[in-house]
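In: let me see the structure of the following:
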Amino acid sequence: MKRIYLIIATLLFSLPVFPQNTRDLRPAMEKSNFLLQLIHYGYVDIVPLMPLVEKGTIEILKQLDPHSQYISPQDVERANEQLQGNFDGIGVSFQIVRDTIVIIEAISGGPSEKLGIQGGDKIITINGMNATGDSARNDVVFRHLRGPKGTVVTVGILRNGVVKDYRIVRDKIPIFSVETFFMENANTGYIQVDRFSRQTAKEFKDALQTLIKQGAENIILDLRGNSGGYMDQGIEMVNEFLEKDLLIVYMEGAHQPRQNSMSTSGGAFKEGRLVVLIDEGSASASEIVAGAIQDHDRGIIVGRRSFGKGLVQRPFRVPVDSSEIRLTIARYYTPSGRSVQKPYNDGFEKYFADMMERYRHGEMVNPDSIRLPDSLKFRTSRNRIVYGGGGIMPDIFTPMDTNRISDYYVDLRRTGTINSFVMEYLDRERKNLLKTYPTFELFYENFQTDGAFAEKFEAFAEKAGVKRNRIRMASAESFLNRMVTEMKKDTMLAKSETYHEYVGQVLWSEERMREFLMNLADTEDAVQQRIQEASDSFILLQLKALLARNLYGTKYYFQTIRSIDEGYQRALKVVEDEKLFKKMNISF
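Out: All right, here's what the predicted structure looks like:
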């Protein structure tokens, strides 16, 4: 049992030392030790103790907060890949389509790209083992294609009906967090940041410098869906926008003294209009960035209320087996003193179901449904009112566009029909497309998705079992419910002495029932027609974006889809509105 004490001692020595009450620590350790020894020496069966300790650790951490967690030894490497910003492998992004591993893109500079492997190639074998059918699974791909740098894997690639073996030497493969950045026009640049990994600040600075050299006077920083990562990378990002010696964030905990993070004089974009895009998927480091920009009135926050994660985790390696405990050690606060952490005292299930609650309450489409108490009110540097206690509230709200999500679209996504069509279309047309449109710009301006292309897709979808149907069961059922509600308004229940008399008053004539239901049906048909038209436009543009991604690279997906991205379009209008910045008293 000395190993258990060793684990705890190692963790304790990793933490800052402050005077604290340790009276309950030793009894708790002795009780745990006694239980394990009792099981080891007295239980009816021989039981491995480490799995019990792991399960116990998971349950103990669940009693603390939603974000403290235990990561098993076999999962540590995979869990850290996204944060480290690299992994060892062959350097391809792939998709499994109809039991076949299809390469989307060979990562630039990686070992596969150097050998000539390209998007559209199909992996048929891995080290002589069949990689199609039941073997075409994510876990199989990761297990056999990834491996230590310098090791070799032989991959059978199918291209144009011919299979060729490639001997690939694995290498360090970067995971980029800033894949998409471009100039929208002569004055406005856009940067999308997917996560905060170890290399994010450098990637962001490089992208920002590139845009500045291209003439960017305004910047749109897109943090939507960015769930966070390394806190220091977010701090470095904010520093690019602020003057010297301004508070960016501070963190504090029972065993962690207050630690301030201040801006330096090295920011590259301290002047110029700035808009930060956030949504319900923006969390942690994303909220540090948005909160600091908002509190210092340095830019305008556009979008929807962010996730609300204001807890700081620190990883502790468990020496016995190299597992990892990510323990919450502090809360962070924005410069105005706000904690953005949403409450979790009602249980973790309710905590993680918060997104569904936001949908149900209408917050995704109407900001008026959000109610925040005055006790959570704070002031920015220029005396604007902002709120804490549940994420970053945007300065300008953009509703979620639900009109484009038709039942037809949901069925297409559920069955993988959209991706399947793109891959099959590229199998036949890749060479012709690249010959006709050698650059993304030519493809974006000239490739048309209406007419014959749209007809081919619809025929493909129908053959795959996805047919158009504008009748929504939930709406159809609601007709009768709404009619009953209307009927009840006509009743005089208080004057009815029998059920027979009551029903006689409730029921409408056949003609009136028909008129009411037909009016409802016509109204619903008009609504469904609008949804279908919006959905069709979205589906066709998504097909074009997926084609662009597979032909020219991942970063071109968003450049294609941005024309119908309402959040992006609103941010573009805001960042180019000088009068609005002055009216809101935002520095630029």
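In: low-confidence ranges, the protein, go.
Out: 1-22, 82, 373-374, 469-476, 479-480, 483, 486-496, 504-508 (pLDDT under 70).
In: count of neighbours near Leu311?
Out: When counting by other Cβ atoms under 10 Å, one arrives at 21 neighbours for Leu311. Quick note: C-beta positions are derived from backbone N, CA and C, even for glycine.
In: so what are the domain limits for this protein?
Out: Under the assignment automatic domain parsing, the domains of the chain span 2-47, 86-174, 180-400, 402-553.
In: quick check: which of these is nearest to Asp75?
Out: Among the domains of the chain, the nearest to Asp75 by Cβ to Cβ is domain 180-400 (8.5 Å).
In: what's the first-to-last distance across the closest one?
Out: Start to finish, the residues bounding domain 180-400 are 22 Å apart (Cα to Cα, to the nearest Å).
In: now it, how far from the centre of its chain.
Out: For domain 180-400, the separation from the chain centroid amounts to 14 Å (computed by Cα atoms, centre = their mean, to the nearest Å).
In: next helix or strand past the strand ranked longest in the chain?
Out: Longest strand in the chain by number of residues (criterion: DSSP state E): strand 323-333. On the C-terminal side of strand 323-333, the closest following helix or strand by DSSP states H and E is helix 348-352.
In: may I have that next one as PDB, with CA atoms only?
Out: The C-alpha atoms that make up helix 348-352 are tabulated as PDB, following Å, rounded to 0.1, in the frame of the first residue of the first chain:
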ATOM      1  CA  PHE A 348     -23.400  17.200 -13.400                       C
ATOM      2  CA  GLU A 349     -26.200  15.800 -15.500                       C
ATOM      3  CA  LYS A 350     -28.000  19.100 -15.300                       C
ATOM      4  CA  TYR A 351     -24.700  21.000 -15.900                       C
ATOM      5  CA  PHE A 352     -24.000  19.200 -19.100                       C
END
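In: got the buried residues for that helix?
Out: Within helix 348-352, the residues that count as buried by 16 or more other Cβ atoms under 10 Å are Tyr351.
In: so what touches it?
Out: When contacts are defined by Cβ atoms under 8 Å, 6 or more residues apart in numbering, helix 348-352 is touched by residues 62, 66, 342-344.
In: what's Leu376 in contact with, if anything?
Out: Contacts for Leu376 (Cβ under 8 Å, 6+ apart) come out as 338, 387-390.
In: circling back: out of the domains of the chain, which is closest to Thr57?
Out: For the domains of the chain, the distance to Thr57 is smallest for domain 180-400, at 7.2 Å, taking Cβ to Cβ.
In: packing partners for the longest helix that the chain contains?
Out: For the chain, the helix with the greatest residue count under DSSP state H is helix 510-552. For helix 510-552, the helices and strands in contact under the criterion 3 or more Cβ pairs under 8 Å, 6 or more residues apart in numbering; DSSP states H and E are strand 100-106, helix 407-414, helix 417-436, helix 440-446, helix 452-463, helix 473-489, helix 556-561.
In: of the contacts of Leu376, which is the most crowded?
Out: With neighbours taken as other Cβ under 10 Å, the top of the contacts of Leu376 is Gly388, carrying 24 neighbours.
In: please tell me how far the residue nearest to that one when sequence neighbours are not counted sits from Val169.
Out: Among residues not flanking Gly388 along the chain, Arg338 sits closest, at 3.2 Å (Cβ to Cβ, 6 or more residues apart in numbering). Note on Arg338: its distance to Val169, by Cβ to Cβ, to the nearest Å, is 50 Å.
In: and what of Leu36?
Out: When Cβ to Cβ is the yardstick, Leu36 and Val169 sit 46 Å from each other.
In: over to Lys377?
Out: Applying Cβ to Cβ to Lys377 and Val169 gives a distance of 59 Å.
In: again with Tyr444
Out: In this structure, Tyr444 lies at 36 Å from Val169, with Cβ to Cβ as the measure.
In: likewise Asn419?
Out: 30 Å.
In: who has more neighbours, these two?
Out: Relative neighbour count places Asn419 above the other of Asn419 and Val169, with 20 against 13, counting by other Cβ under 10 Å.
In: I am finished for the moment; much appreciated.
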